[in-house]
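Chemist: structural data only, the sequence is not supplied:
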C-alpha cells in the first residue's frame, strides 16, 4: 500500500488512525512479547512499563511514515524499535538506583549503534548490576540497523542523525546524575552551544535536545529515496532547536504534576512564572512555523507542528494543571484551526479507545 503525503488535516487523520496506528500496535505487540521473556526482573519490568505507558511516543513518530511512501511499514518498524530503545532507557535511568554517568553513557551507546549499520552490539549494561535481558536491547539495535542498511542514501543523512543522537544522549546523561549535579552540568553543557543558539536558555536548549523527531524525519525521506546531504542539513536546521524544543516543552508542560510527585527534573519549572512560560511556548510555536517553511512538503511539516500542539494539549493530565484550560485555549488559538482540529479529534479518539478498553 502506498501512502501519499497529504496536505489536509482530515486526510492525514484518516490515514493515521486507520492504517498507521494499527501497524504501530502490531509492532509494539512484538516487542512486548520479547520483553516478557527478559530473565532479569528489573529489566523486564522497566521494558514492559515503557511499552505500556509510552505507546503514544511511537504513535507520534509513526506519522512520518507518510513521508516514506511505499516503505511506510519498514519505516514504522524502524521508529518503533528506535523509540522503544529511547523509552526503555529513559525508564532505566529515571527509575533505577544508579546515578552513575558512565552507566547512562553506556546504555545510550545503544542509540548510537542503532544509527550505525554494521556496528557490533555491546554489553550496554556493563556498569550496572542488572545484566541479563535475553538479547532484548541488542535485537532492538539490530532491527534499526537492518532498516537503515536498506537506505542507499543513508551515508548522506547519518552524520546529521548522529549529531541529534549525540545531543539526546548527552542530555540523558546530564539530567539523570545526582540531583545536585544536574543543573550545573546542564548549564555548563549549554555554554558549548550558546554562541550558535543565543536565543535559548539552558533549559530550552536541553528540551530541544530531547526529541527524536529530526531523526525520524530524515530516515523517512531516506526510505522514500529522497534524502541527500542538502536535505539532511535543511531538516536539521528546521527541526533543531524549535520544532524539537516545542515537542519536548509540551511534553514537560503536561507532566509537571507527575514530575513534582516523582521529584523528577522538569524544564518548565525553571521559567520565572507562568506568564514567562506562556510567552516562551508562544515564541517556540511561532519560530517552529517559521523554521519549517523552506522544507519540501512544508504543509506536512506544518501539520506535524500543529499536531504536536493538539496532541499534547488533549492529554487528560492538562486538567490537573493550574490554568491548564486557559493555556490550552491560548496555544490552540495561536497555532490555528488545524491544531484545534487535531486537538478535538485526538480527545475523541482517546475517549472512544478508553471506552473500548473498558468493554
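Modeler: That came through, no problem. From a predicted model like this one, the values you see are computed outputs, not experimental measurements. Numbering: from 1, shown residues only.

Chemist: helices along the stretch 151-300 of the chain, start to end?
Modeler: Per DSSP state H, counting those that start in this stretch, the stretch 151-300 of the chain carries helices over the ranges 154-175, 179-191, 202-209, 213-223, 229-238, 244-254, 256-262, 274-291, 298-313.

Chemist: which other residues reach the third one?
Modeler: Outside of helix 202-209, the residues that reach it under the criterion C-beta atoms under 8 Å, 6 or more residues apart in numbering are 167-168, 170-171, 174-175, 186-187, 189-190, 193-194, 197, 200, 240-242, 244-245, 248-249, 252, 267, 270, 280, 284. To be clear about C-beta, it is placed using only N, CA and C from the backbone, and glycine gets the same treatment.

Chemist: would you list the buried entries among those?
Modeler: 167-168, 170-171, 174-175, 186-187, 189-190, 193, 200, 240-242, 244-245, 248-249, 252, 267, 270, 280, 284 (16 or more other C-beta atoms under 10 Å).

Chemist: hmm, back to that, so which of the helices of the stretch 151-300 of the chain is the most packed in?
Modeler: helix 213-223 (a mean of 28; mean count of other C-beta atoms under 10 Å).

Chemist: compute the inter-axis angle for that helix and helix 244-254.
Modeler: Counting by axes from the mean of the first three to the mean of the last three C-alpha atoms, to 10 degrees, helix 213-223 points 130 degrees away from the direction of helix 244-254.

Chemist: which ones are touching residue 145?
Modeler: 113-114, 116-119.

Chemist: pLDDT score assigned to it?
Modeler: On the pLDDT scale, residue 145 is placed at 98.

Chemist: tell me which element it falls in.
Modeler: Secondary structure from DSSP states H and E places residue 145 in helix 136-149.

Chemist: chain center to that helix, what's the gap?
Modeler: Taking C-alpha atoms, centre = their mean, to the nearest Å, one finds the center of helix 136-149 at 18 Å from the center of the full chain.

Chemist: that helix vs helix 154-175, what angle?
Modeler: Using the same axes, to 10 degrees: helix 136-149 against helix 154-175 is 150 degrees.

Chemist: can you give me the buried ones in helix 136-149?
Modeler: Using 16+ other C-beta under 10 Å as the test for burial, helix 136-149 gives 136-138, 140-145, 147-148.

Chemist: any idea which of those residues is closest to residue 303?
Modeler: residue 147 (24.2 Å; C-beta to C-beta).

Chemist: what's the closest non-adjacent residue to the closest one?
Modeler: Leaving aside its chain neighbours, residue 147 sits nearest to residue 78 (3.9 Å; criterion: C-beta to C-beta, 6 or more residues apart in numbering).

Chemist: and the gap between the one you found and residue 268?
Modeler: Distance of residue 78 to residue 268, computed by C-beta to C-beta, to the nearest Å: 30 Å.

Chemist: which one's more surrounded, the two?
Modeler: residue 78 (31 against 22; other C-beta atoms under 10 Å).

Chemist: what's the pLDDT at that one?
Modeler: Residue 78 carries a pLDDT value of 98.

Chemist: what strand or helix carries it?
Modeler: Assigned by DSSP H and E, residue 78 falls in helix 72-95.

Chemist: coming back round to it: selection in ChimeraX covering whichever of the contacts of residue 145 are buried, please.
Modeler: Here is the ChimeraX selection string for the buried members of the contacts of residue 145, based on 16+ other C-beta under 10 Å:
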select :113,114,116,117
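
Chemist: can you pick out the most distant pair from the contacts of residue 145?
Modeler: 114 and 118 (11.8 Å).

Chemist: show me the shaky parts of this structure.
Modeler: 1-9, 96, 336, 338, 346, 349-359 (pLDDT under 70).

Chemist: one step back: helices and strands around the helix holding residue 78, which ones?
Modeler: helix 21-35, helix 41-53, helix 55-62, helix 101-114, helix 136-149, helix 154-175, helix 213-223 (3 or more C-beta pairs under 8 Å, 6 or more residues apart in numbering; DSSP states H and E).

Chemist: try 6 Å this time
Modeler: Where contact means 3 or more C-beta pairs under 6 Å, 6 or more residues apart in numbering; DSSP states H and E, helix 72-95 is packed against helix 21-35, helix 41-53, helix 55-62, helix 101-114, helix 136-149, helix 213-223.

Chemist: if we can go back for a sec, any chance of the buried residues of helix 136-149 in a markdown table, plus distance to residue 232?
Modeler: Formatted as a markdown table, the buried residues of helix 136-149 follow (distance: C-beta to C-beta, whole Å):
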| residue | distance to residue 232 |
| --- | --- |
| 136 | 30 |
| 137 | 27 |
| 138 | 27 |
| 140 | 24 |
| 141 | 22 |
| 142 | 24 |
| 143 | 22 |
| 144 | 17 |
| 145 | 19 |
| 147 | 17 |
| 148 | 13 |
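
Chemist: from the residues you listed, which is closest to residue 27?
Modeler: When the buried residues of helix 136-149 are ranked by distance to residue 27 (C-beta to C-beta), residue 143 comes first, at 9.5 Å.

Chemist: once you drop chain neighbours, what's closest to the closest one?
Modeler: residue 81 (4.1 Å).

Chemist: isn't the one you found up against residue 140?
Modeler: Yes - with contact defined as C-beta atoms under 6 Å, residue 81 reaches residue 140; the gap is 4.9 Å.
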